[in-house]
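> Here is the input, now give the coordinates:
(2 chains)
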Amino acid sequence: AQSVTQLGSHVSVSEGALVLLRCNYSSSVPPYLFWYVQYPNQGLQLLLKYTSAATLVKGINGFEAEFKKSETSFHLTKPSAHMSDAAEYFCAVSVGGGYQKVTFGTGTKLQVIP
Amino acid sequence: DAGVIQSPRHEVTEMGQEVTLRCKPISGHDYLFWYRQTMMRGLELLIYFNNNVPIDDSGMPEDRFSAKMPNASFSTLKIQPSEPRDSAVYFCASSQQGGGSPLHFGNGTRLTVT
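Prediction:
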């Protein structure tokens, strides 16, 4: 079975500070890993995904994540937070070829303080 | 492409009434998913289809919920009869074939059952 754990349901950072959102996964086979962002009253949007091509993955809006197999982690970072980054962020994992069951984490709400 | 389109955006109904939520996936996507999001339970997968065929409906709460996909461009989620505890935001998402394919979400339907 696959699962993801997001540490911290709420994270606050100052504008311009480093953003670090934590995600640990559990999977018996090599996983696909994703980060999604959800703005108020909208659906989830893909930020970035890991599909084994490279361990450091760059996404939209300056975000990136690093796959660390030894730590079973896929933490999301951004060097400098912007007010527009305030949203909820979800880590997700899926395994297998055509089988599409995606397991989402419980989400982390990011607050950016001016 | 217009993305995944859901209707209505908001639905307010009285307990006992039938509710039908609609979804138009992205053209060419083989998978369609229905999710429910609440504060208490987060994001829950209700059911998903592959090439219009229901594959896994184990997340459907009970017999009051049903979903159909009569063709590749349309799906419905029906609740009959509705109850206050069904109040949530319901998302439809679609994706292409392959475990590494990301989900594309609609903007959701916010359902309130009074």
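> I'd like to know how many residues surround the residue of chain B found nearest chain A.
Using C-beta to the nearest C-beta, the point where chain B gets nearest to chain A is B:Phe105, with a distance of 3.1 Å. Every residue, glycine included, has its C-beta placed from N, CA and C. Neighbouring residues of B:Phe105 were enumerated by other C-beta atoms under 10 Å in any protein chain shown; the total is 24.
> Likewise for B:Leu43?
Residue neighbour count, defined by other C-beta under 10 Å, stands at 22 for B:Leu43.
> Surely it touches A:Val102?
No - the pair B:Leu43 / A:Val102 is not scored as a contact, 9.6 Å apart, by C-beta atoms under 8 Å.
> State the number of residues packed around the closest residue to the residue of chain B closest to chain A other than its chain neighbours.
When the adjacent residues along the chain are set aside, B:Phe105 lies closest to A:Gly43, with 3.1 Å between them (C-beta to C-beta, 6 or more residues apart in numbering or on different chains). A:Gly43 sits with 22 neighbouring residues when counted by other C-beta under 10 Å.
> residues in contact with A:Gly43?
For A:Gly43, the set of contacting residues under the criterion of C-beta atoms under 8 Å, 6 or more residues apart in numbering or on different chains consists of B:Val4, B:Phe91, B:Ala93, B:Phe105, B:Gly106, B:Asn107, B:Gly108.
> TSV for those, including secondary structure?
Formatted as TSV, the contacts of A:Gly43 follow (DSSP: H, G, I helix; E, B strand; the rest coil):
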residue	secondary structure
B:Val4	coil
B:Phe91	strand
B:Ala93	strand
B:Phe105	strand
B:Gly106	coil
B:Asn107	coil
B:Gly108	coil
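> of all those residues, which two lie farthest apart?
Maximum pairwise distance among the contacts of A:Gly43 (C-beta to C-beta): 11.1 Å, between B:Ala93 and B:Asn107.
> Any buried residues in stretch B:67-87, and which?
Using 16 or more other C-beta atoms under 10 Å in any protein chain shown as the test for burial, stretch B:67-87 gives B:Ala67, B:Met69, B:Ala72, B:Ser75, B:Leu77, B:Ile79, B:Ser82, B:Asp86, B:Ser87.
> hang on, the earlier thing: quick check: phi and psi on the residue nearest to B:Phe105?
In terms of degrees, to the nearest 10, the main-chain angles of A:Gly43 are phi -80, psi 180.
> of all of chain A, which residue lies closest to chain B?
Chain B sits closest to A:Gly43 of chain A, with a gap of 3.1 Å, by C-beta to the nearest C-beta.
> what bridges to the most centrally placed residue in chain A?
Of all residues in chain A, the one closest to the mean position by C-alpha atoms, centre = their mean is A:Trp35, 3.3 Å from it. As for beta bridges, A:Trp35 partners with A:Leu48, A:Cys91 under DSSP bridges.
> residues touching it, list them.
Taking C-beta under 8 Å, 6+ apart as the contact definition, A:Trp35 lies against A:21, A:23, A:46-49, A:59, A:63, A:65, A:74, A:76, A:89-92.
> mind listing the strands for chain A?
Taking DSSP state E as the criterion, chain A carries its strands at A:3-7, A:10-14, A:19-26, A:32-38, A:44-50, A:56-58, A:64-68, A:73-78, A:87-94, A:102-104, A:108-113.
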